[in-house]
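Student: A structural model of the following input is requested.
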Amino acid sequence: MKIHFIAIGGSAMHNLAIALHEKGFEITGSDDTIHDPSKSRLESKGLLPVDFGWFPEKITKDLDAVILGMHAKEDNPELIKAQDLGVRIYSYPEFIYEQSKHKTRVVIGGSHGKTTITSMILHVLNYHEREVDYMVGAQLDGFDTMVRLTEENEFIVLEGDEYLSSPIDRRPKFHLYKPNIALLSGIAWDHINVFPSFENYVEQFEIFTDSLIHGGIMVYNEEDIQVKKVVEKSENSIKKYPYITPDFHIDNEVTYLNTSEGDLPLEVFGDHNLQNIAGAKWICQHMGIDEEDFYEAIISFGGANKRLEKITENETTVIFKDFAHSPSKVKATTQAVKNQFANRNLVACLELHTYSSLNKEFLKEYKNTLDTADKAVVFYSPHAVKIKRLEEISEEQIFDSFQRDDLIVYTNPEEFKAFLFKENLKETALLLMSSGNYGGLDFEEVKSLI
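Tutor: Numbers count the residues shown, from 1 in each chain. Below you'll find the predicted structure:
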């Protein structure tokens with residue numbers, strides 16, 4: 001097949017392009033800008049566009065398909081040309097479904113934890129040398145790409161994102177996969193630019209639950225009130241398997257899972273990760289991995305990229321970075337680090353970077369999310385607020401939202417960096433939470449803090 005990618009530089013898009021190239025497809029693509037690691041990875045496969053920009057002449061009738069990424073706009077000249085020529089246009093999830101409709105589709109959904117749970121499942125399967133196709137939202141140890149598509153593998157494991165499919169397809173991605181087996185980890189309002197009310201957001205998970213094939217399997221976190229309500233009220237003829245946080249204990253800053261096989265030391269920690277393990281175990285069992293084999297593999301799982309990722313540590317200090325940005329994730333991650341390192345000072349730094357987090361109406365959702373930190377810092381860029389065309393927010397609004405009198409707020413990247421490099425980090429756990437980089441913070445340089 002001959003396929004052209006509009007917006008090939010995206011995280012998911014470039015991985016799909018590489019996966020199809022490895023499968024023998026003829027791949028071309030365009031984008032107006034491409035950054036690393038996408039740029040280097042595309043270049044290594046001979047798929048990097050010679051020039052950046054949009055070139056309608058690349059769209060011809062001999063294309064079998066065009067795959068349209070979210071970075072493109074509705075008036076993209078290549079998209080318009082494809083529409084005029086009648087070339088088949090797929091969104092990313094649509095094409096994934098087309099490539100996997102004869103496979104057993106395992107889809108991991110939820111507002112939080114889906115990348116980690118998908119990564120846990122793939123880690124266990126890889127450990128036991130079980131070959132599966134997959135699509136996951138983070139780079140994993142032991143995996144060359146974030147997407148794999150073959151003709152022969154029976155299963156495909158998909159991270160089920162609730163964000164929109166493409167500029168011309170406003171359906172959430174996970175509505176298109178039609179799972180045989182699915183998981184829901186949690187529901188906490190996010191993406192308010194797309195889902196303006198909590199009720200509208202919850203509805204997307206109801207649609208997802210009802211999209212399972214008849215007789216399919218839904219594994220769900222029954223400790224999450226919204227998830228429990230959504231799954232248990234569904235009239236879809238599916239089998240329902242609830243899970244809860246398994247028994248565990250923390251000893252000398254190591255989390256142990258209490259199992260019939262004995263106390264198993266884990267490389268990950270936090271209630272949310274223990275819940276993720278419980279969900280991943282159910283899914284693996286439905287894919288033919290028994291409990292004993294699951295436990296053998298999971299103790300070597302070191303976490304997904306940017307999810308409570310340990311940057312560096314010494315005898316007295318440990319530094320983590322985490323993708324947490326929504327209120328529920330911020331609260332869970334901060335609590336997890338404090339519980340794990342109870343005898344250390346916890347300095348928690350949060351960058352407000354996403355559309356939702358910089359919305360002054362949504363800010364109140366962050367109330368008390370940093371309360372378990374010994375020192376709490378919030379950074380945001382007024383320039384980012386302008387770029388997103390949002391109403392200006394003041395430092396006073398930040399204080400009012402977080403409801404913490406000793407909160408430290410920075411709006412200047414250099415001042416935030418100066419704070420970090422002056423801080424005494426002995427007997428400290430430093431937690432850097434952001435989907436951005438604090439206005440240009442070099443995380444390699446952060447390693448020199450200890």
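Student: next secondary structure after the lengthiest strand in the chain?
Tutor: Ranked by residue count under DSSP state E, the longest strand found in the chain is strand 345-352. Counting by DSSP states H and E, the next helix or strand C-terminal to strand 345-352 is strand 375-380.
Student: which strands and helices lie in contact with that next one?
Tutor: strand 345-352, helix 395-402, strand 408-410, helix 413-422 (3 or more Cβ pairs under 8 Å, 6 or more residues apart in numbering; DSSP states H and E). Yep, even glycine has a C-beta here, placed from its N, CA and C like the rest.
Student: can you rerun that using 10 Å?
Tutor: strand 345-352, helix 395-402, strand 408-410, helix 413-422, strand 428-433 (3 or more Cβ pairs under 10 Å, 6 or more residues apart in numbering; DSSP states H and E).
Student: which of the ones you listed sits closest to Leu274?
Tutor: Ranking the helices and strands packed on strand 375-380 by proximity to Leu274 (Cβ to Cβ) places strand 428-433 first, at 18.3 Å.
Student: got the angle between the closest one and strand 375-380?
Tutor: 20 degrees (axes from the mean of the first three to the mean of the last three Cα atoms, to 10 degrees).
Student: what packs against strand 428-433?
Tutor: Judged by 3+ Cβ pairs under 10 Å, 6+ apart, the packing partners of strand 428-433 are strand 309-313, strand 317-322, helix 327-340, strand 345-352, strand 375-380, helix 443-446.
Student: return the most buried member of those.
Tutor: Stretch with highest mean neighbour count among the helices and strands packed on strand 428-433: strand 345-352 (a mean of 24; mean count of other Cβ atoms under 10 Å).
Student: now do that one, average pLDDT.
Tutor: Mean pLDDT, strand 345-352: 97.
Student: and Asn252, how many neighbours?
Tutor: If you count neighbours by other Cβ atoms under 10 Å, Asn252 ends up with 5.
Student: no, scratch that, I was asking about Ser38
Tutor: Residues near Ser38, counting by other Cβ under 10 Å: 20.
Student: residues contacting it?
Tutor: Contacts for Ser38 (Cβ atoms under 10 Å, 6 or more residues apart in numbering) come out as 8-11, 13-15, 17-18, 31, 48.
Student: now do Pro37
Tutor: For Pro37, the contact set (Cβ under 10 Å, 6+ apart) comprises 11, 14, 139.
Student: from those, which land in helices?
Tutor: Counting by DSSP state H, the contacts of Pro37 place 11, 14 in helices.
Student: now, which of the contacts of Pro37 sits nearest Glu206?
Tutor: Ser11 (27.7 Å).
Student: what about this protein, any weak spots by pLDDT?
Tutor: The chain contains no residues with pLDDT under 70.
Student: hey, where'd the helices end up in this protein?
Tutor: Going by DSSP H, the chain shows helices at 11-22, 38-44, 77-85, 92-100, 114-127, 198-210, 225-233, 271-286, 291-298, 327-340, 382-387, 395-402, 413-422, 443-446.
Student: who's in contact with the closest residue to Leu48 other than its chain neighbours?
Tutor: Spatial nearest neighbour of Leu48, chain neighbours left out: Leu42 (4.2 Å); criterion: Cβ to Cβ, 6 or more residues apart in numbering. Taking Cβ under 10 Å, 6+ apart, we find Leu42 in contact with 5, 8-9, 13-15, 17-18, 21, 27, 29, 31, 34, 36, 48-49.
Student: please repeat the previous calculation with a cut-off of 8 Å.
Tutor: The contact partners of Leu42, taken as Cβ atoms under 8 Å, 6 or more residues apart in numbering, are 8-9, 14, 17-18, 29, 34, 48.
Student: so how far is Thr312 from the residue nearest the centre of the chain?
Tutor: Closest to where the C-alpha atoms of the chain average out (Cα atoms, centre = their mean) is Thr115, at 4.6 Å. According to Cβ to Cβ, to the nearest Å, Thr115 and Thr312 sit 22 Å apart.
Student: noted, bye for now.
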